[in-house]
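# show me how the following folds:
(one chain, ligands or ions: 1)
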Amino acid sequence: MAPAGTLYTTPPTGRRQSRAYIPLCHPAKSVLTGLQIKATAAFGGVAYDTPEGYVHFETNKKPEFTSKFPHGKIPAWDGADGFKLFEGLPIARYIAGLAPNSGLLGHGKEDAALVDQWIHLFETEVDVNTTQIFFLVAGMLAPYSKPIHNTFLERQTRALATLEKHISTRTFFVGERITLADIYIATMTQRACAVNLDLAARAKLPNLMRHMETIINQPKLKDVYGPTTTLEKPPAEAKPAAEPKPAAPKAEKKPKPKDDDEDDDNGVPEEPKVKNPLDDLPKSTFNLEDWKRAYSNKDTRGKDGSLEWFYENFDKEGFSVWRVDFKFPEELTQVFMSNNQIGGFFNRLEASRKYLFGSVGVLGAANASLISGALILRGQDAVPVVNVAPDWESYEFTKLDLSKDAEKAFFEAALAWDLEIDGKKWVDGKNFK
Ligand SMILES: N[C@@H](CCC(=O)N[C@@H](CS)C(=O)NCC(=O)O)C(=O)O
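Just a heads-up that it's a prediction; the model follows:
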């Protein structure tokens, strides 16, 4: 079948092309809608092209794109017959309409309305709250608030209960065959699993879970969906982030008295004592606690600075140095919110405090910023250290080779809080100590 058109959707090609696949739990709406459209096309057997050389946040801002798609966003559809469309659901519905024998839109106008009903219920009452919970827990919406979290959760739970009840007596949401409602709902259920449906919540939704498995494992759809991420426990609740400190971004680095409690858990409940495989690594000569103390008590650069201490004491067999970047800078708005996000991420890394030091900052200005920095961590692999934070996949970790000038300069600038990337200067930051 000749391609029916060109589909612009995520994962975006271009700037982030070579980077890790965007995790499904990320709230970027287009990741979800992209999957929904691709699944619809796969199920309906509709072939399409993907755009050549599309660079997200660049191509979509150019007049050639906005003259076709005035909202300047993806997903967008450029039909081979000249028909153009944007917004995820209308594109999926249009593609379903190109495959009338697929039955995706149901049979008759009542079925079509019921397909809409279930999609609309899930989108507006479950998925909206899934997104809000993700943002809130990640510290990207506002400082964490338990009552707000509970409000989102109650709304999400009520709608999920209605969906669970409906699907408990049938295989598909509308009629006896797969429709667009099933594709939409299964995709959004899979995302909710990755965001906040922990073991206990899933146990109350056995039929919705069974439905999701049925849909994502359909022979025609298996290649579209990745594995489902499931949580044992609710996402780590970020404690209220510290109030943003207006000026003085370096305030955290003021020398502290030696007896200052560096291991203070700041009210975060103690983790149960489980043996960590990182403890089985060969003993290292580099003492992370001494480093944290040196970093806190000395200037970073210059003679007798903490960097000098670092180079004298670092053991590159026992520890490694990493660059960390938030993968979705386009989501960042106010600087203080981004800085709270770093604080939330650091809170969720609490269980790795013994193995990790970090210096991460917000670079740029409101609505044009990024989050980047450096980590020093135990061992040669970042994953076992950072994966204690449920949102670790929203960050990219790149090992730094300190024998290379540029990588060393990056590391030093992140520690000294004067890092600059693409003209964006460090404006605020946090240390994980
Ligand atoms: N209402 C749209 C939302 C699409 C959307 O937010 N797209 C983002 C994906 S990152 C986008 O293209 N942003 C580009 C921009 O803001 O310039 C839908 O549901 O399809």
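# list the contacts of the least confident helix or strand in the chain by mean pLDDT.
The helix or strand of the chain with the poorest confidence is helix 335-348; it has a mean of 85 (mean pLDDT, DSSP states H and E). For helix 335-348, contacts defined as C-beta atoms under 8 Å, 6 or more residues apart in numbering pick out 137-144, 236, 238-239, 241-242, 244, 268, 326, 332, 358, 360-362, 364-366, 369, 371, 373, 388-391, 395, 427-430, 432. C-beta coordinates here come from the backbone N, C-alpha and C atoms, glycine included.
# near the ligand, which residues of the stretch 201-350 of the chain show up?
Within the stretch 201-350 of the chain, the positions lying close to the ligand (C-beta under 6 Å from any ligand atom) are E330.
# can you show me the helices along the stretch 201-350 of the chain?
Applying DSSP state H, counting those that start in this stretch to the stretch 201-350 of the chain gives helices spanning 206-216, 288-297, 306-313, 335-348.
# do stretch 387-397 and the ligand meet?
No: using C-beta under 6 Å from any ligand atom, we find that stretch 387-397 stays clear of the ligand, coming within 13.7 Å at best.
# strands of the stretch 1-150 of the chain, residue ranges please.
Remark: strands assigned in the stretch 1-150 of the chain by DSSP state E, counting those that start in this stretch are 5-8, 76-79, 84-86.
# next, the buried residues of the last one.
Looking back up the chat, that one is strand 84-86. Going by neighbour count (16 or more other C-beta atoms under 10 Å), the buried part of strand 84-86 is L85, F86.
# determine the number of other residues adjacent to the closest residue to the ligand within the stretch 101-250 of the chain.
Relative to the ligand, the nearest point of the stretch 101-250 of the chain is E123 (8.9 Å; C-beta to the nearest ligand atom). Residues within reach of E123, counting by other C-beta atoms under 10 Å, total 19.
# mind giving me the domain split of this protein?
Following automatic domain parsing, one finds the domains of the chain at 5-101, 103-216, 249-432.
# from one end of the shortest one to the other, what's the distance?
What that stands for is domain 5-101. End-to-end distance for domain 5-101: 19 Å, by C-alpha to C-alpha, to the nearest Å.
# so how far is it off the chain centroid?
In terms of C-alpha atoms, centre = their mean, to the nearest Å, the centre of domain 5-101 is found 20 Å from the chain centre.
# any idea of the mean pLDDT in it?
Per-residue pLDDT values over domain 5-101 give a mean of 83.
# flag the shaky bits of the stretch 201-350 of the chain, pLDDT-wise.
Along the stretch 201-350 of the chain, segments meeting pLDDT under 70 span 237-274.
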